[in-house]
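J.: Here is my input, please return the structure:
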Amino acid sequence: MTSPDKPTSDKDRTTRSDHHEAVTKAVTEAALSEAFGGVRGMVETVLPGLLFVTIFTINKDLHLSAIAALAVSLVLVAVRLIRKDTVKHAFSGVFGVAFGVVFAMMTGNAKDFYLPGMLYTLGLALAYLITTLFGVPLLGLILGPVFKENLSWRTRNPGRKKAYAKASYAWGLILLAKCAILFPLYWWADTAQLGWVLVALKIPPFLLAVYLTWIFLAKAPPPIDVFAEMEAQEQAEKEQAEKERAEKARAAQTPSGATHHQEF
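T.: Numbering: from 1, shown residues only. Coordinates of the predicted model:
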């Protein structure tokens with residue numbers, strides 16, 4: 001018969017640790033997919049630019065290429081609306097393509113279709129690095145609500161803050177490396193060359209950054225569910241209020257005044 005006071009074996013501790021790590025990795029993977037759009041989000045990001053450079057490579061028609069890219073972006077949004085899916089990733093793609101189309105049409109230079117997106121990438125890279133240097137990693141601000149921890153990682157969970165800092169530095173450096181390739185090509189290469197390099201660099205750097213983020217966060221302490229804490233606090237306050245009302249009701253039913261004793 002096994003005693004209930006028998007210490008937990010190393011095997012049991014290892015099993016629980018492995019299970020906890022597996023759960024943490026699964027939750028982190030799901031959160032990253034939600035935050036960054038998953039496979040579908042990547043397709044929606046790549047498709048407009050791919051269509052633009054394909055058409056432009058074939059016929060060198062800026063207007064046709066730009067209109068086709070914008071049209072496919074709008075179709076992707078419409079599909080999401082019809083299916084009642086989240087549209088934030090598709091809408092971001094529409095705005096990016098629209099800025100590129102307007103900019104290229106204004107300048108008459110087809111390469112300028114890519115310039116707003118390149119500037120956005122550079123700004124995002126700097127944002128990741130600068131916010132991390134100031135102790136508020138941008139990735140923590142992005143993923144905090146997804147993990148239901150909000151900003152609790154800043155003061156209550158230093159292990160996760162460190163993981164967010166590492167991941168934000170990874171994103172910033174990867175995006176800077178991407179910019180270091182693209183901006184020289186903007187000046188030296190033609191539109192088709194720049195476009196195909198851009199298409200080729202859409203997914204691999206993104207996947208590398210997401211993978212590193214998953215590694216860092218999967219090894220970090222679990223998030224503090226502040227929403228669950230608030231719900232528990234509200235429930236406790238409600239129970240306390242009900243208890244006080246019950247006590248007041250009992251007190252009101254108790255006769256007041258001194259007890260009179262009959263003398264014989």
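J.: From here on, just use CA atoms for contacts and neighbour counts.
T.: Fine.
J.: for the stretch 51-200 of the chain, which spans come out with low pLDDT?
T.: 87-91 (pLDDT under 70).
J.: Let's see that with 80 instead.
T.: By pLDDT under 80, the weakly predicted segments of the stretch 51-200 of the chain are 80, 83-94.
J.: what ranges do the helices span in the chain?
T.: 10-36, 38-59, 62-83, 88-107, 115-133, 138-143, 152-155, 158-188, 191-200, 203-218, 226-253 (DSSP state H).
J.: okay, those helices in JSON lines with mean neighbour count next?
T.: Output for the helices of the chain, formatted as JSON lines (neighbours: other Cα atoms under 10 Å):
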{"stretch": "helix 10-36", "mean neighbour count": "15"}
{"stretch": "helix 38-59", "mean neighbour count": "18"}
{"stretch": "helix 62-83", "mean neighbour count": "18"}
{"stretch": "helix 88-107", "mean neighbour count": "19"}
{"stretch": "helix 115-133", "mean neighbour count": "18"}
{"stretch": "helix 138-143", "mean neighbour count": "20"}
{"stretch": "helix 152-155", "mean neighbour count": "17"}
{"stretch": "helix 158-188", "mean neighbour count": "20"}
{"stretch": "helix 191-200", "mean neighbour count": "18"}
{"stretch": "helix 203-218", "mean neighbour count": "17"}
{"stretch": "helix 226-253", "mean neighbour count": "12"}
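J.: Tell me the spacing between residue 249 and residue 241.
T.: Here residue 249 is placed at a distance of 12 Å from residue 241 (Cα to Cα, to the nearest Å).
J.: do the same with residue 93
T.: For residue 93, the distance to residue 241 - Cα to Cα - is 50 Å.
J.: likewise residue 156?
T.: 29 Å.
J.: cool, residue 52 as well?
T.: Taking Cα to Cα as the measure, residue 52 falls 63 Å from residue 241.
J.: and if you look at residue 200?
T.: With Cα to Cα as the criterion, residue 200 and residue 241 are 61 Å apart.
J.: repeat for residue 57
T.: 71 Å.
J.: One more: residue 205?
T.: Taken as Cα to Cα, the span from residue 205 to residue 241 is 54 Å.
J.: Check residue 53 too.
T.: In this view, residue 53 and residue 241 are 65 Å apart by Cα to Cα.
J.: repeat for residue 211
T.: Using Cα to Cα, residue 211 is found at 48 Å from residue 241.
J.: Next: residue 75.
T.: The value you get for residue 75 to residue 241, if Cα to Cα is used, is 53 Å.
J.: Residue 41 now?
T.: With distances taken as Cα to Cα, residue 41 is found 47 Å from residue 241.
J.: Equivalent analysis for residue 199, please.
T.: The separation that residue 199 has from residue 241, given Cα to Cα, amounts to 60 Å.
J.: give me phi/psi at residue 137?
T.: phi -50, psi 130 (degrees, to the nearest 10).
J.: Enumerate every residue touching it.
T.: Counting by Cα atoms under 8 Å, 6 or more residues apart in numbering, residue 137 touches 128, 129, 131, 161, 164, 165, 168.
J.: Can I get these in a markdown table including distance to residue 226?
T.: As requested, the contacts of residue 137 are exported to a markdown table (distance: Cα to Cα, whole Å):
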| residue | distance to residue 226 |
| --- | --- |
| 128 | 24 |
| 129 | 27 |
| 131 | 23 |
| 161 | 16 |
| 164 | 18 |
| 165 | 21 |
| 168 | 22 |
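J.: ok, the residues you listed vs residue 222, which is closest?
T.: Proximity of those to residue 222 was ranked by Cα to Cα; the top entry is residue 161 with 11.3 Å.
J.: So that closest one sits against residue 154, correct?
T.: Yes - in this structure, residue 161 is within contact of residue 154 by Cα atoms under 8 Å, at 5.8 Å.
J.: contact partners of stretch 51-70?
T.: Contacts of stretch 51-70 (Cα under 8 Å, 6+ apart): 47-49, 94, 97-98, 101, 105, 110, 113, 191-192, 195-196.
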